[in-house]
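[1] Below are the sequence and a predicted model; questions follow.
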Amino acid sequence: MNLNNDFVSIQGIVVNAEKNAGSLKKIKYRGGNESTILNIVAEFHKFFDSKSYIKDNKINETFENQLTEICIFLILNTELRQPINNSEFQHLINILPQISPCLLANVMMGLDLSPHFCKALLRFDLDIIEELLVEMIPCLKKSKPKTHIQNAQEYLKLIILKLSASNEGWSEGCEKLCDAGSQILLNLTGLHGDQVQDLKIDSVYQCMGLTIHNLLDLLLMCDDKNKLAPLVEKFIKTCCSIMMAVTLDVFCSWAEFQYEGEPLQSAIAGKSYLFINKYQKNPLAKELITMLGTIAQKPKTIDDLILQADVPTMISKINRVDVNQKQWFTALLNTQVLKCEKSIECIERWAHLCTVSDVTHLINMGVLSKDPRAKKLVIKCASTLDLNDLILVTIRHFHKNGIMSNFNEDLQQDLILFFNKIKNKSVDEVFCKELHLLLLQNPEQTLTYVFVECLKNSFYLTSLANAWPSLKEVLTIGDFGLNLLNTQINNNTPTEQTYKYYSELLNALISAEIFPIERIIGVVVLPLLENANKEANYQLLKNGLIILKDLQGHISVKQENEHLFKLIFEVMKNCRCTFLNFDSLKQEVVRQTVDIIEKCCDLRPCVSYVVKPNNCEDIFVSFYYKKVFESGSSSDLLKHFFPITFKKHAEIVAHLTKILPLCVTPEWMIISRSIIDLCGVEKSIELICDVTILLCEVKNSQKTETDETKCMLSALKYFLQNVGVVVKECIQPKVIHLSEDVSITRNICRMLKQIPDGNLKSEEGLSLANLLSDASLKTLKPDKKFARLVASINETHICKMLTQKILS
């Protein structure tokens, strides 16, 4: 319990009162303090009214916890015989000027806070309770009989509960507390002094009946064989003394008074029956049992009482907080609870009593209600469940009522505030529960917001890692999650900056075992690729293929993925570029299709299903088709294109000139490794450089700048980049002798000379020149023919760099 706004307001009230009346510790029952007490109680009343703690001039039980804490705070700042020594409350002591026990008692009675005061006192020691109860007795005497009876009952219950809970043996504190109980018992009926003069005889009879009922209720709470035995004896004697005054007229009059939904006569008869059963072996109860024997009657079962009860009675029974509270609560839920304001208030107060079936029932009623308060009540009751139960009722609701925004049409602000709470790298169960409450209110808007945030920021995706498993049951209702994700991706297609977030989100769904990879592909990825291909949106097609490639797990070669493989083969054929009609973006799309096929082959199980592509006549498609669907097929791309005999160098160059410009980087690597394996390092670099020189000459032969020459320049740039990759990754690692390294240097310099002047030579040419080893260049230092070759490259930065390495 910490210092809060209520305590600060109370501090202001007490400080002002002390300024006006002097020390509040001196206020006693005598000495002309009545006006000061009344003024202070009035100030508290105004404060309670402003906080809605008082409603219709009665304590608002909705704020039970706050009212109990206020009582504790006032007790802590009351001048007592012994200071309170409790570490739990030390920070709240002496926050305000100390008040007297007399003033505290009058405030409690004046504001009708006795039930909350008793709950607060349960947290203190016996001597403190006894001291404050003694101060309550004069206040009880001044109250009206019915109020006196009700409050006296609360204080006697407090004594019973405290003594029962105490682990100590019989002590002086116990004896003093019992003495305080005895003082309350002396005036239990409230019919004393001037109180009786203005009462009608029926009211007197009613007070007698209520007192007997309450005494029997207290006796049923007690265990007559422990430290409560002295108190039990006093209860029995007091009850006997009142029963002696009960005549036939008194007993008959009780039938006319209603007590918690039944005649007071029936309530007393039922309590009498239970008392006799419990105390029939106690010799002290013999006289009282004889008196009650004539009126005792077996009480109605709780089921009988529920069938006869109306809504106000049910509410009253629930507010009593006894062993039957839950049954009465369930009974109230089975009425038209969302159409009655009093019922709604009662359910709001006791929402924590709800079970899974209760919340399910409320949800089904809430769907039909148009009252915003009723809908909020349903969500409040759902919030009392633990996460697993909340998921259960949410799933039941969606299956029965559909995935609709039945409880809140717009959660935008709630979702923004909710996501702002995410500060750590992973969310906990409390977060998951709040997320499911939002899903319950508006599933589509909530899940859309989750997807949008995850597709914008990987921080949220990482943070929600623990939340995905709890969402599985909701997301998989009729593909709700995938369809919503598909809509979101169609509305916000992946870009070069965001496609990685799309991959991460889909992989998170796969990792959490929410959706298998086949469903992700079929519902989300394949439609995206088909639309991009149809609209010739090659950037989107590339992004979509990267997402597909990055999915966790392998893409199974089976009938469910037939359309996917057909699309991949179609894109591979249609996007592959020639040297004269080159588009780097389309060639990157082809690169992605190749990577996807290679991934399938690497992870491929035994293939039992064969896809029949539409483009088997294409040499590349036919190669990959065989690789995927024909076990034992060759993975040598070079042999697939043509048989190689190295007797005719020019013929090989011609063949490679037709094939290599069509290839993407992985294919370059495969072909280059095949060439190296067949003919060695020196011959391989010579062949590749000859092909490159031939293509450079084609470009250099074009004297005018056209769209075709621009395409050729782009193709040549891509070609040179692949040459660089092959030299670095495939050829140089195979070098054993210095002569092979020198051959690489000579051929690359020969090729650099032919690269068209301009940005292409200064950028790609420089990159290639940087691959040449220092050892090979130093070896060629005496070679004048090589020096002239370097000079003929005719590019300042390349020549300077090579010269420096040669001379170093």
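    Right, received. Where do you want to start? Just so it is clear, the structure is predicted and the values come from calculations on it, not from any experiment. Numbering: from 1, shown residues only.

[2] where in the stretch 551-700 of the chain is pLDDT low?
    557-560, 601-617, 631-637, 640-647 (pLDDT under 70).

[3] typo on my end, the chain
    By pLDDT under 70, the weakly predicted segments of the chain are 29-32, 167-170, 189-198, 224-225, 424-426, 557-560, 601-617, 631-637, 640-647.

[4] And the strands in it?
    Using DSSP state E, the strands of the chain run over 54-55, 58-59, 258-259, 262-263.

[5] I'd like these as TSV, with distance to residue 670 appended.
    Placement of C-beta: from N, CA and C, glycine included. Below are the strands of the chain laid out as TSV (distance: least, CB to CB, whole Å):
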stretch	distance to residue 670
strand 54-55	82
strand 58-59	84
strand 258-259	93
strand 262-263	91
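
[6] Quick one: closest of these to residue 399.
    Among the strands of the chain, the nearest to residue 399 by CB to CB is strand 54-55 (39.7 Å).

[7] Parallel or antiparallel, list what pairs with that closest one.
    Paired strands of strand 54-55, with direction, are strand 58-59 (antiparallel) (DSSP bridges).

[8] Any chance you could list what contacts the partner strand?
    With contacts defined as CB atoms under 8 Å, 6 or more residues apart in numbering, strand 58-59 is touched by 48, 53, 67, 111-113, 116.

[9] hmm, 10 Å instead?
    Residues outside strand 58-59 that contact it (CB atoms under 10 Å, 6 or more residues apart in numbering) are 48, 53, 67, 111-116.

[10] picking up where we left off before, can you list the strands of the chain in a markdown table and add distance to residue 275 and mean neighbour count?
    Output for the strands of the chain, formatted as a markdown table (distance: least, CB to CB, whole Å; neighbours: other CB atoms under 10 Å):
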| stretch | distance to residue 275 | mean neighbour count |
| --- | --- | --- |
| strand 54-55 | 36 | 17 |
| strand 58-59 | 31 | 13 |
| strand 258-259 | 16 | 14 |
| strand 262-263 | 17 | 16 |
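
[11] Out of those, which gets nearest to residue 691?
    strand 54-55 (91.3 Å).

[12] Closest to residue 248 out of the contacts of strand 58-59?
    Minimum distance to residue 248 across these is 34.1 Å, recorded for residue 114 (CB to CB).

[13] which residues touch the nearest residue in space to that closest one that is not next to it in sequence?
    Excluding the flanking residues, the one nearest residue 114 by CB to CB, 6 or more residues apart in numbering is residue 151, at 4.4 Å. Going by CB under 10 Å, 6+ apart, residue 151 touches 108-109, 112-115, 117-118, 136, 139-140, 143, 184, 190.

[14] Throw those residues into JSON lines and include neighbour count and distance to residue 445, thanks.
    JSON lines is the format used below for those (neighbours: other CB atoms under 10 Å; distance: CB to CB, whole Å):
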{"residue": "108", "neighbour count": "24", "distance to residue 445": "48"}
{"residue": "109", "neighbour count": "21", "distance to residue 445": "51"}
{"residue": "112", "neighbour count": "17", "distance to residue 445": "45"}
{"residue": "113", "neighbour count": "23", "distance to residue 445": "44"}
{"residue": "114", "neighbour count": "25", "distance to residue 445": "47"}
{"residue": "115", "neighbour count": "21", "distance to residue 445": "43"}
{"residue": "117", "neighbour count": "29", "distance to residue 445": "46"}
{"residue": "118", "neighbour count": "24", "distance to residue 445": "46"}
{"residue": "136", "neighbour count": "25", "distance to residue 445": "54"}
{"residue": "139", "neighbour count": "19", "distance to residue 445": "55"}
{"residue": "140", "neighbour count": "22", "distance to residue 445": "56"}
{"residue": "143", "neighbour count": "19", "distance to residue 445": "54"}
{"residue": "184", "neighbour count": "20", "distance to residue 445": "58"}
{"residue": "190", "neighbour count": "24", "distance to residue 445": "58"}
